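> Need coordinates for the following:
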Amino acid sequence: MNPDDYRDYILGFIFFKYLSEKQELYANQLLEGEEVTDFTKVEDPETLDAIREESLIKLGYYLKPEELFAAVAQKGSSKVEGESTYILDDLQEILRHIEQSTMDSESQDDFEALFEDLDLTSTKLGRTVGARNEIIVKIINALDEIDFALDDIESDVLGDAYEYLIGKFAAGAGKT
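Residues are numbered from 1 along each chain as shown. Model (predicted):
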């Protein structure tokens with residue numbers, strides 16, 4: 001694959017990771033003082049519903065714990081025998097859900113068609129479904145290792161990475 005073709009995938013997944021980490025941080029803040037304080041471990045439907053409502057108001061979107069970037073990365077790199085590492089369908093559904101979670105909210109226009117450039121069925125990623133899944137898993141796992149440090153006000157890892165990649169992709173395309 002041409003490095004420029006990776007642009008939409010890498011930038012899209014960086015944004016998905018950002019949304020995911022932002023959701024987890026916000027949900028964990030809401031859970032302070034509760035019996036379960038880790039969003040990824042919340043199973044109570046009422047608690048999840050309350051987090052969803054507050055997230056839509058504050059963040060403008062909502063991700064379930066099993067839809068978080070880290071959960072997708074974990075599934076893609078699972079070493080448990082018999083457990084599937086196929087994530088393409090789940091990933092497509094999660095990206096669609098992010099957009100759908102904003103329906104009838106103030107943020108709907110901001111999220112509409114947000115991930116439409118991420119074509120997970122493209123043969124540019126690989127000739128077979130397995131090959132495409134393997135490439136996406138590699139990208140997801142590489143990004144999962146990066147700590148965006150969203151709770152550190154002094155740091156802007158995401159902004160720096162995004163700016164760097166935009167510059168590299170523009171230079172690769174002969175643009176400034």
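> which secondary structure element contains residue 120?
Using DSSP states H and E, residue 120 falls within no helix or strand.
> Against residue 66, how distant is the closest residue to it other than its chain neighbours?
Distances taken as Cβ to Cβ, 6 or more residues apart in numbering place residue 88 nearest to residue 120, at 4.9 Å, with adjacent residues excluded. (Glycine included, C-beta is placed from N, CA and C.) Shown here: residue 88 relative to residue 66, a distance of 16 Å by Cβ to Cβ, to the nearest Å.
> So for the two, which residue has more residues nearby?
Neighbour count, other Cβ atoms under 10 Å: between residue 88 and residue 66, residue 88 has more, with 17 against 11.
> From residue 32, how far out is the more buried one?
Where residue 32 is concerned, residue 88 sits at a distance of 36 Å (Cβ to Cβ).
> Check residue 142 too.
Note on residue 142: its distance to residue 32, by Cβ to Cβ, is 32 Å.
> So for those two, which residue has more residues nearby?
Using other Cβ under 10 Å as the criterion, residue 142 and residue 32 rank with residue 142 on top: 12 against 7.
> So what touches the helix or strand hosting the more buried one?
Assessed by DSSP H and E, residue 142 sits inside helix 129-144. Helix 129-144 is contacted by residues 1, 6, 9-10, 13-14, 17, 69-70, 72-73, 76-77, 85-88, 91, 120-122, 125-126 when judged by Cβ atoms under 8 Å, 6 or more residues apart in numbering.
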